[in-house]
Each structure stands twice: as C-alpha cells, then as structure tokens.
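Chemist: Fold the following for me, if possible:
(one chain, ligands or ions: 2)
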Amino acid sequence: MAMDCPALDGEPLVEAREGLARLCVPDPKRYLRPDGVYEPAWAPVFYNPRMAFNRDVAVVFLRAWAKLRGVDEPVVVEPLAGSGVRAVRYALEAGAGRVYAVDIDPVAVRLAEINIEVNKVADRVYLAQGDANAFLHTLRSKKARVHLVDLDPFGSPAPFIEASLAALRGRGVLAATATDTAPLTGTHPAALRRRYDVVPGRSFLEKEQAVRILAGYIIRRAASREYGAKVLLAYYADYYVRVYVELVPGARRADKSLESLAYLAFCPKCGIAWYASKPWRPGGCPRCGSQPQLIGPVYAGPLCDEKLVDEMIRVASEASWLSNQARTLELLRQLREECGLVNPHYRVDKVASVLKVNMPSPRLVVEELRRLGYRATLTHFDKRGVRSDAPPDVIYNVVWRLSPSNAG
Ligand SMILES: C[S@@+](CC[C@H](N)C(=O)[O-])C[C@H]1O[C@@H](n2cnc3c(N)ncnc32)[C@H](O)[C@@H]1O
Ligand SMILES: [Zn+2]
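Modeler: Ligands and ions are numbered 1, 2, ... in the order given. Below is the predicted model:
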C-alpha cells in the first residue's frame, strides 16, 4: 500500500523503499543536475539511493559480527544520520537493540523522526540533534556500552575518528565511509597529507591505495589510545572507500597492530607495487633495482577476516530483502578470494605495456598462476588487476606468454 508522506518545511516528500525500510525522502526529481542525474547534496536532507548497497553490506556485517562475537542486540551509534535510513535499517534488519542517531541539521532530524515513526522503531532508535563529536564524547562520559560506530560523512571521516574511538569502550567496531576519493587516491596530495598524515603520492593502484590509507590511519589513531585494531572488512565501491575495523583495548595489542603498517612502494617504470617496512631504506624495485616512490604509512594486512566474510555470505544468502542481494554476495565472494592475499595487486595492463605487448585476459593470468602453484585471484579494485603471491618475474613471464601478441 502506498504511504502518505507529510511535507517537511513545505518540501514535498515521496516514498522510497530500501531493505525492509519504508521511507519518506525529498523528491529526487526536484534536484536534477543538468545531465538529468539526481544530486542528493542539493536536497534539503541528504538521501542517496545509490548508497543502499553500502547500507546492505552494513546490516549484513552487523548481523554476522554480532553472531560471531555472541553479542545480543548490539548497540549502534550513527552520528551523521541524515534521513535516518541507516539507523532505521540497523534496527529493522540487523537486530540492533539500540541505535543512537544524531545529526547537526534540525531539518535532517525532523525527517529522521518521520522515518523512525513510519517504521515503528521509536523504541529502539534514539534521535538527537547536535554535533557528532560532542555526542560521541557524551556517550563516553556516560560509560555507555557501544558495539558499532558507523561514520557516513560528507567527504572524509577523519574529523570524527577520535571521538568515535572515545565512544567505543571495550571490544567494538568502527565502520567508516570516505567519499573524499580525490585526496585518498592521490589526486590532491596536499589534502591527503593534511587529512591522513601520510607521505602522499599517486600510485597506479588508486583504489587499493585509498582503502589502505584510511585503514592505516584508523589503526594509528587507535594505537595512540591503546587500542589494538583489526581490519575485518575493507573495500572500494562506486565512488567511496568503506572499512570496518574492530578495536580491542590493550597497549600490547596496539603495538602488534602497528606491525601491520608499511609503506606502499611502487616503481612507475615496471608497473609493480610492494610493501616497504623501512621508508628510509626501502630497497630497490625487485625487477629493475631503481628507487621506488613511496606512500604511507598504509595498512599492509589482509582486506578481510575469512570467518567474518563466510558468516556474512551466509547471512546475505538468506537476506532476500536486501536492495542489492546479488551485488552484496558478488562483492563478498570476491573479497573472500582476496582475504588471504596481502600483496598489492598487479595491473596486468601496466605489465603488458612495459613489455610492449597486448594485455592478456586477467582471468587467464590467474588460471596460469594457479597452475604454476601460486595463489592468485582477480581483484574487486580493478578489472585489469590480479592479486597473487607470485613474484614479479613470474607475473612478467606469464603476461608475456599469454599475451595475444605472442599467440601462435
Ligand atoms: C552523507 S550525510 C549522511 C547520510 C546517512 N548516514 C545515510 O546513510 O543516508 C552526512 C550528514 O552529516 C550531517 N553532519 C555534518 N556535520 C555534522 C556534525 N558535525 N555533527 C553531526 N552531523 C553532521 C549532515 O547534516 C548530513 O545529514
Ligand atoms: Zn622497476
């Protein structure tokens, strides 16, 4: 049955559905760019239907994490809540016992109130207007138990990370989306250095670089508060980075997780990247011996936890209500393949261009590497990418042999 959405400050609202939630949102047709595409940032309250996939993965994550950690009715904080869609979905779909939803904008809070009402989750979703950081610090001073803080800002989550860590007492998860992909991928090196405190640069693995910089930044901030940090899931989709980092208090754990940091070293001449643990003595390119370019520190560990992803795949296969069930499963299955392979991916097109041959199919390269006894998979970061534990000379050899230029 169609729903009657009230007006919001004279702004007509329309119905939208996402997961199990029924929502009232600004009419996308009123905020079209000249090319006819909806621009959610122009609407009086931000609601982006394209982020439904991000929220699908988030509810699946929380269900799986709570099951594995034996947490009943987890407590979630969403301090940048916008229309309230994410908070409502955590309550409806992820079994959250309590969700604190906060936004600084009074209009967003009024819309979130409507959506909480419509979905009958007012007993579980607590709404407040205010500054995210102030609210997170209040939770800390009240010693509230928080299991998950989900940061979904405009741009960078960096300004909210300290306060999120403060609110997470005991074992919990910090989930963060970053849409400031121009700095993270190295297009704006000054902003990258400023925001994430790294030696900036632009490798040919832009998306993997972006994910590893954000994860590394969270690990370093967590360590300064004596939290060990483990990356449970980290990926790139559409135009954003998303990471889920589990935090466990303890100075020794913090020291240990700092060991997962390194510098991303890359040789523009050979089109390969690797990790260098000592920036002042990074070692030469394993192929040509020349001094590499460096970015970092970055997180140099696995992009996901295999047990968690297995459980997420199980949850997602049963969650037929998700807005993007097939895409969620596709991403999780691909990440599952990538979990155990920590080396930065190889770009088959770059290697082929250095060899001055046509690019062979990355899928064939993976098959051949496996036949030779190496671990190898495609990567969700790039259709032209291959992730493998094979050394560069083997990759070069395989790309050369499989190139259509050398066929017959
Ligand atoms: C990208 S939108 C959130 C979208 C929402 N999380 C979702 O899944 O649809 C970012 C929101 O953060 C709010 N915001 C910006 N700065 C804030 C601050 N310092 N404290 C609280 N909210 C803030 C904005 O009003 C906006 O609604
Ligand atoms: Zn080289």
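Chemist: Can you name the residues bridging to the spatially most central residue of the chain?
Modeler: Nearest to the mean C-alpha position of the chain, counting by Cα atoms, centre = their mean, stands residue 242 at 1.1 Å. Judged by DSSP bridges, the bridge partners of residue 242 are residue 177, residue 235.
Chemist: got it, and residue 98?
Modeler: Taking DSSP bridges as the rule, residue 98 bridges to residue 75.
Chemist: do the same with the one 5 residues further on
Modeler: Residues in a beta bridge with residue 103, per DSSP bridges, are residue 129.
Chemist: what's near enough to touch it?
Modeler: Residues counted as contacts of residue 103 (Cβ atoms under 8 Å, 6 or more residues apart in numbering) are 80, 81, 82, 109, 112, 129. C-beta: built from backbone N, CA, C; applies to glycine.
Chemist: quick one: the strands in the stretch 251-400 of the chain?
Modeler: For the stretch 251-400 of the chain, strands defined by DSSP state E, counting those that start in this stretch occupy the ranges 261-267, 272-276, 293-299, 346-347, 376-379, 382-388.
Chemist: any idea how far residue 292 is from the residue nearest to the centre of the chain?
Modeler: 28 Å (Cβ to Cβ, to the nearest Å).
Chemist: if you skip the residues just before and after it, what's nearest to residue 50?
Modeler: Leaving out its chain neighbours, the residue that sits closest to residue 50 by Cβ to Cβ, 6 or more residues apart in numbering is residue 238, at 6.4 Å.
Chemist: residues contacting residue 145?
Modeler: Contacts here follow Cβ under 8 Å, 6+ apart; on that basis residue 145 touches 75, 169, 170.
Chemist: for the first one, what are its contacts?
Modeler: Just to be clear, that refers to residue 75. 96, 97, 98, 99, 100, 144, 145, 146, 147, 148.
Chemist: of the contacts of residue 145, closest to residue 228?
Modeler: Nearest to residue 228 among the contacts of residue 145 is residue 170, at 12.4 Å by Cβ to Cβ.
Chemist: The closest one contacts residue 249, doesn't it?
Modeler: Yes: using Cβ atoms under 8 Å, residue 170 is in contact with residue 249, at 6.8 Å.
Chemist: Between these two, which is the more surrounded one?
Modeler: More crowded of residue 170 and residue 249, by other Cβ atoms under 10 Å: residue 249, with 16 against 10.
Chemist: so how far is residue 148 from the more buried one?
Modeler: Distance from residue 249 to residue 148, by Cβ to Cβ: 16 Å.
Chemist: Check residue 318 too.
Modeler: Residue 318 is 21 Å from residue 148, by Cβ to Cβ.
Chemist: okay, these two: which has more neighbours?
Modeler: Applying other Cβ under 10 Å to residue 318 and residue 148 shows that residue 148 carries more neighbours, namely 27 against 11.
Chemist: beta partners for that one?
Modeler: Under the criterion used (DSSP bridges), residue 148 bridges to residue 76, residue 173.
Chemist: ok, it touching residue 176?
Modeler: No: contact criterion Cβ under 8 Å: residue 148 and residue 176 do not qualify, at 11.1 Å.
Chemist: quick one: low-confidence ranges for the stretch 1-150 of the chain?
Modeler: Counting by pLDDT under 70, the ranges of the stretch 1-150 of the chain that qualify are 1.
Chemist: For it, which segments count as strands?
Modeler: 13-18, 21-26, 75-78, 98-103, 125-129, 148-151.
Chemist: how about those strands in CSV, adding distance to residue 69?
Modeler: Shown next, in CSV, are those (distance: least, Cβ to Cβ, whole Å):
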stretch, distance to residue 69
strand 13-18, 26
strand 21-26, 25
strand 75-78, 13
strand 98-103, 17
strand 125-129, 22
strand 148-151, 11
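Chemist: Would you mind giving those strands as TSV with distance to ligand 2 added?
Modeler: Converted to TSV, the strands of the stretch 1-150 of the chain look like this (distance: least, Cβ to the ion, whole Å):
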stretch	distance to ligand 2
strand 13-18	47
strand 21-26	51
strand 75-78	45
strand 98-103	49
strand 125-129	53
strand 148-151	38
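Chemist: Could you work out which of the ones you listed reaches nearest to ligand 1?
Modeler: Within the strands of the stretch 1-150 of the chain, the stretch nearest ligand 1 is strand 98-103; the backing value is 4.6 Å (Cβ to the nearest ligand atom).
Chemist: Next one: that closest one, is it in contact with ligand 1?
Modeler: Yes: Strand 98-103 reaches ligand 1 (Cβ under 6 Å from any ligand atom) through 102, 103.
Chemist: Extract the CA atoms of that strand and return them as PDB.
Modeler: These are the backbone C-alpha positions of strand 98-103, laid out as PDB (Å, rounded to 0.1, in the frame of the first residue of the first chain):
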ATOM      1  CA  ARG A  98      19.600   0.300  20.400                       C
ATOM      2  CA  VAL A  99      20.600   2.800  17.800                       C
ATOM      3  CA  TYR A 100      21.700   6.400  18.600                       C
ATOM      4  CA  ALA A 101      21.000   8.600  15.500                       C
ATOM      5  CA  VAL A 102      22.400  12.100  15.600                       C
ATOM      6  CA  ASP A 103      22.600  14.900  13.000                       C
END
